[in-house]
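Chemist: Below are the sequence and a predicted model; questions follow.
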Amino acid sequence: MIGQFFAVELKRSVASMLPWDIPWYDPSHVVFFTALYSVLGVLAIGLLWALIATIKRLKKDESHH
């Protein structure tokens, strides 16, 4: 019972979260990893935007000091 709860007995599992190691033929994997990579992509774009905005702001404020 506990083995089933922790998915220990599953014959197919994901050993790596890298895109080329995911069994894309399984619909549950497709849904989960599409959502995961979408969220990671949005976070990465937001961090990149914040970094660029900070660098621009710092360069603009350098001339005042």
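Modeler: Here it is on my side, so go on.

Chemist: where does Ser38 land on pLDDT?
Modeler: At Ser38, the pLDDT value in this model is 96.

Chemist: again with Ala15
Modeler: 70.

Chemist: Please give the number of neighbouring residues around it.
Modeler: Residues within reach of Ala15, counting by other C-beta atoms under 10 Å, total 7. No exception for glycine: its C-beta is placed from N, CA and C like everyone else's.

Chemist: mind checking the SS state of it?
Modeler: Put simply, Ala15 is coil when judged by DSSP: H, G, I helix; E, B strand; the rest coil.

Chemist: begin at 621 from here
Modeler: I'll keep to 621 as the first residue from here, and by that count the last item is Ala635.

Chemist: And the longest helix that the chain contains, what's buried?
Modeler: Identified as the longest helix of the chain according to DSSP state H is helix 647-682. Neighbour counts over helix 647-682 (16 or more other C-beta atoms under 10 Å) mark Phe653 as buried.

Chemist: Next: stretch 636-650.
Modeler: Buried positions in stretch 636-650, judged by neighbour count with 16+ other C-beta under 10 Å: Ile642.

Chemist: Tell me the span between the first and last residue of it.
Modeler: 14 Å (C-alpha to C-alpha, to the nearest Å).

Chemist: Go ahead and measure how far that stretch is from the middle of the chain.
Modeler: Its chain's average C-alpha position is 14 Å from that of stretch 636-650, according to C-alpha atoms, centre = their mean, to the nearest Å.

Chemist: Could you do stretch 674-682 as well?
Modeler: 29 Å.

Chemist: Pull that stretch out as CSV, backbone CA atoms only.
Modeler: The C-alpha trace of stretch 674-682 is given here as CSV (Å, rounded to 0.1, in the frame of the first residue of the first chain):
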residue,chain,number,x,y,z
THR,A,674,18.2,47.3,-13.4
ILE,A,675,21.3,47.6,-15.6
LYS,A,676,19.6,50.4,-17.6
ARG,A,677,18.6,52.2,-14.5
LEU,A,678,22.2,51.9,-13.0
LYS,A,679,23.7,53.2,-16.2
LYS,A,680,21.3,56.2,-16.3
ASP,A,681,22.1,57.1,-12.7
GLU,A,682,25.9,56.8,-13.2
